[in-house]
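Participant: okay, sequence plus prediction incoming.
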2 protein chains.
Amino acid sequence: MKMKNKLFLFQWLRLLLLLIFSRTSISVKPHKIPRLTPLLENILKDSNTLSSSFTLPKEFETYYYTQTLDHFNYGPKSYSTFKQRYIINSKYWGGSNSSSPIFAYLGAESSIDSDPLGIGFLTDFAPRFKSLLVYMEHRYYGKSIPFGTMEEALKDEDRRGYFNSAQAIADYAELLLHVKQKYSAQNSPIIVIGGSYGGMLASWFRMKYPHIALGALASSAPILYFDDITPQNGYYSIVTKDFKEVSKTCYRTIRKSWSIIDKIASRKNGLSYLSRKFKTCSHLNSSSELKDYLDSIYATAAQYNKPPTYPVTVVCGGIDGAHKGSHVLDRIYAGIVASQGNLSCYNTNVYNQPSETNMGWRWQTCSEMVMPIGRGKNDTMFYSAPFNLDEFIDDCKSNYGVSPRPHWITTYYGGHDIKLILHRFASNIIFSNGLRDPYSSAGVLQDISHSLRAVHTRNGSHCLDILTSKPTDPEWLTMQRKTEVEIIEGWITKYYADLNALKYGKMP
Amino acid sequence: MKMKNKLFLFQWLRLLLLLIFSRTSISVKPHKIPRLTPLLENILKDSNTLSSSFTLPKEFETYYYTQTLDHFNYGPKSYSTFKQRYIINSKYWGGSNSSSPIFAYLGAESSIDSDPLGIGFLTDFAPRFKSLLVYMEHRYYGKSIPFGTMEEALKDEDRRGYFNSAQAIADYAELLLHVKQKYSAQNSPIIVIGGSYGGMLASWFRMKYPHIALGALASSAPILYFDDITPQNGYYSIVTKDFKEVSKTCYRTIRKSWSIIDKIASRKNGLSYLSRKFKTCSHLNSSSELKDYLDSIYATAAQYNKPPTYPVTVVCGGIDGAHKGSHVLDRIYAGIVASQGNLSCYNTNVYNQPSETNMGWRWQTCSEMVMPIGRGKNDTMFYSAPFNLDEFIDDCKSNYGVSPRPHWITTYYGGHDIKLILHRFASNIIFSNGLRDPYSSAGVLQDISHSLRAVHTRNGSHCLDILTSKPTDPEWLTMQRKTEVEIIEGWITKYYADLNALKYGKMP
């Protein structure tokens, strides 16, 4: 029982870690390329001890598929293969001749170690659908790195070239056909499921491989944060709105704080003063270090503003709860303590660790996943940090020697005029969002057609719907999942009817 | 005037050359890999003198786009570029602010030199639609070969790796976005048009890039000739049917001839006898040489069984018209003379010249375009020549050092259960076919939905509908084109209505 609780806790923490990356990875600092940010230490504090003893329950079986390295080239190198990890759970499955569906989770920018436990949507609804569950790891993460470690893979300019989204979804296509064959499941409809970057992959997968996936649940997929489709400040505008809605005084305090930090930092011994004041684990070298740290705390709180604790409320509780007449910076500090816990010191670099996810996603943003997230002077509660494409490109060039292709995502997957384009094309995608998630600013929030559905909740946060359900879940979250499941059930019912009609030559 | 006639003749011959490849390229000989076959010399006899003086009319302007070599890799080599040729005709265009459509011809396995004149569908209907015409050359053909000549490009195992269909349609995507920008044609709907292999590309392009092409006219596209979707003997069964319909005696004569040829060849001096009998330009080294030649003549006649001459009728006219009591082989020879003309000798290798198209398509079949075209012992009027995948793979390996990926086309583009898959997905594709075209055996011949249409003619042959209209065209051909144009007009009308509804916020 204790072990189970620990597992649950670990799963929860790992999941948070996993999901957090997609935001922080692309928070833009002026004159810096967008970067990944690791999780706060206090949230992770138990994970090391847990991970060593961590194993998945027995019904989850791990396999490795010999995957094609380059699907789009027939040169000798592209005939290389690598081992791609996938995990199967057949406990609930109706069996090979039942045409029972397959739920396939598309891995995103991290290992899938704990996804089978964290992404509870699959296990929670498996009994209802008698579905086979498949969890596939994204190439270059976890145990699916073609060339040793992430560091080794990224070091070599040839090796990292194969690390991109088109290759990744082609992996999923090949692997899913393999699974269908292995389980004699030719008539089993496949529903692909993913969150955040994985949600983008899910929607794109249904678009590009409709013959493999019958439908997609794309949770919190910011597929419109490319080119100029979404205003650059979309992300931070929602962070701001989230804080303002919780507390206007909290919002005003944060808004005021940036210039005060800069002012103090510019004074003689100002940085020493700030380092002491904010109990930083190492001496601050610039005011940006502190501001970046606070930026990450607020953005993370907004993105994962989940029940039952609601991190934005927690941060603002600290800020507003400081004793009456407190100075702005004392309030800001109280916000840190409230959200991170009462620590002996605060590591302002905690979001910048060279983790596998940080390193991998950084490459992905510097090659194709160019999301121009920025903000102007007065349009958010933050300091100004516009996205500058030229600087971004220069930074990528100096880091990797190659230039990003900022228009490739919209060239390959589309995005512009999405309603006009898809109104009479495609089907069976759910775009789910929580409107408190800053990434919902670039999500699909309106139905495109009767089978391209937007399902969102006013109070939801990032990827909330696909997480394991809990007794504390509010009614609106339970209802969101119910809606999604009913839509998916509708697709499958239609599919079976079509299959039957075809069999008897009665297809309309 | 004379020049115009010459141009027309040249255009016609070039087109025949162009189209013929797609068949002969994949005719399967036992123990041989499918290969390309060049055109009969007598058909081409004028082309050399013509080609030197050949230029397109002034309204066709040639440009070169700096194209990405590898769209799916971010290694340093893939940042190489090459010059891709495209031709524009803006004579009929409504202009940049008119939202007038763009008709885009997708080049196939040859140079696009003469396509603007040969593929008359575009010019014939341009005035009606006020459309901008774009003709794009396929990478590795014509003036769009990244590495010098075809020979040089294919010699190097790295260089030829980028030569495949996914890269080619990604080229078209990038190039079409460039053209839209260049001509300020953001609201202009694009209709892609292609024939044979190019027709496959057109249908796949609409599937993969619906945000770039509003619709596709896929003429004679055998998209179902992969894996085991279509029976191997589909192609030769239709050749057989074509001959049988024209003349049962002709069909029987051909059917009898193969064993007679083999029998004579096995005798002492038998090959010398056959060489003299068939006036071959060089001495026959095996009976296969002669049989392959005849096979190609019959298949070509069936595939291009066009009005007003109808080559199958011509061949059978020769066979049946030989004087009464003629021996089978005399009749067969009379068929050759009737179809090829009365020549001093017949070059049995004429279908196997190392032309650019032959070489390029051979590589394409040995990498991904694996069409298992074969036939059994008694299911056609031909000798037995089953498709043997293992032998095919071995041959490709010995030629190129790499193994084909026979399942990649269906993995990337689909094809299995096409009605089930696409009935509720995709829109705006016309699959046009002529049922006398052997490739129609692997075409889409039934409507999949109200906007995925099959338009075919009982008497039509390969790619007939997209060729330039002529006064001698039969009524059914004119009607086929009319149907296609009305369908396309319907798509464009709906598109304008959607555009308008969106503008006024009235999109359903």
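Facilitator: Structure's in. What do you need?
Participant: check the stretch 401-508 of chain A for the residue nearest chain B and tell me.
Facilitator: residue A:414 (3.1 Å; C-beta to the nearest C-beta). C-beta coordinates here come from the backbone N, C-alpha and C atoms, glycine included.
Participant: closest residue of the stretch 151-300 of chain A to chain B?
Facilitator: residue A:161 (2.7 Å).
Participant: without its sequence neighbours, what residue ends up closest to that residue?
Facilitator: Nearest residue to residue A:161 in three dimensions, chain neighbours excluded: residue B:75, at 2.7 Å (C-beta to C-beta, 6 or more residues apart in numbering or on different chains).
Participant: distance check, the one you found against residue A:174.
Facilitator: For residue B:75, the distance to residue A:174 (C-beta to C-beta, to the nearest Å) stands at 21 Å.
Participant: between those two, which is the more surrounded one?
Facilitator: residue A:174 (22 against 19; other C-beta atoms under 10 Å in any protein chain shown).
Participant: how much space between that one and residue A:79?
Facilitator: For residue A:174 relative to residue A:79 (C-beta to C-beta), the value is 14 Å.
Participant: next, show the common contact partners of these two.
Facilitator: Residues touching both residue A:174 and residue A:79 (C-beta atoms under 8 Å, 6 or more residues apart in numbering or on different chains): residue A:68.
Participant: what segments of the stretch 351-500 of chain A are helices?
Facilitator: A:356-367, A:389-400, A:408-413, A:418-422, A:475-503 (DSSP state H, counting those that start in this stretch).
Participant: residue A:325 belongs to a strand?
Facilitator: No - read with DSSP: H, G, I helix; E, B strand; the rest coil, residue A:325 is coil and lies in no strand.
Participant: for it, grab phi and psi.
Facilitator: Reported as degrees, to the nearest 10, the phi and psi values for residue A:325 are phi 80, psi 0.
Participant: show the pLDDT at it.
Facilitator: The pLDDT attached to residue A:325 in the predicted structure is 92.
Participant: give me the number of residues near it?
Facilitator: Residue A:325 has 6 nearby residues by other C-beta under 10 Å.
Participant: now it: how far from chain B?
Facilitator: 51 Å (C-beta to the nearest C-beta, to the nearest Å).
Participant: from residue B:479, how far out is that residue?
Facilitator: For residue A:325, the distance to residue B:479 equals 88 Å [C-beta to C-beta].
Participant: rewinding a little: surely the residue nearest to residue A:161 is in a strand?
Facilitator: No - applying three-state DSSP, one finds residue B:75 to be coil, outside a strand.
Participant: surely it meets residue A:158?
Facilitator: Yes - in this structure, residue B:75 is within contact of residue A:158 by C-beta atoms under 8 Å, at 4.8 Å.
Participant: helix/strand/coil for residue A:108?
Facilitator: Per three-state DSSP, residue A:108 ends up coil.
Participant: what segments of chain A are strands?
Facilitator: Using DSSP state E, the strands found in chain A span residues A:60-68, A:81-89, A:102-106, A:132-136, A:190-195, A:215-219, A:429-434, A:452-457.
Participant: in TSV: the ones you listed, plus mean pLDDT and distance to residue A:274.
Facilitator: Converted to TSV, the strands of chain A look like this (pLDDT from 0 to 100; distance: least, C-beta to C-beta, whole Å):
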stretch	mean pLDDT	distance to residue A:274
strand A:60-68	97	47
strand A:81-89	98	45
strand A:102-106	98	43
strand A:132-136	98	44
strand A:190-195	98	36
strand A:215-219	98	39
strand A:429-434	98	34
strand A:452-457	98	39
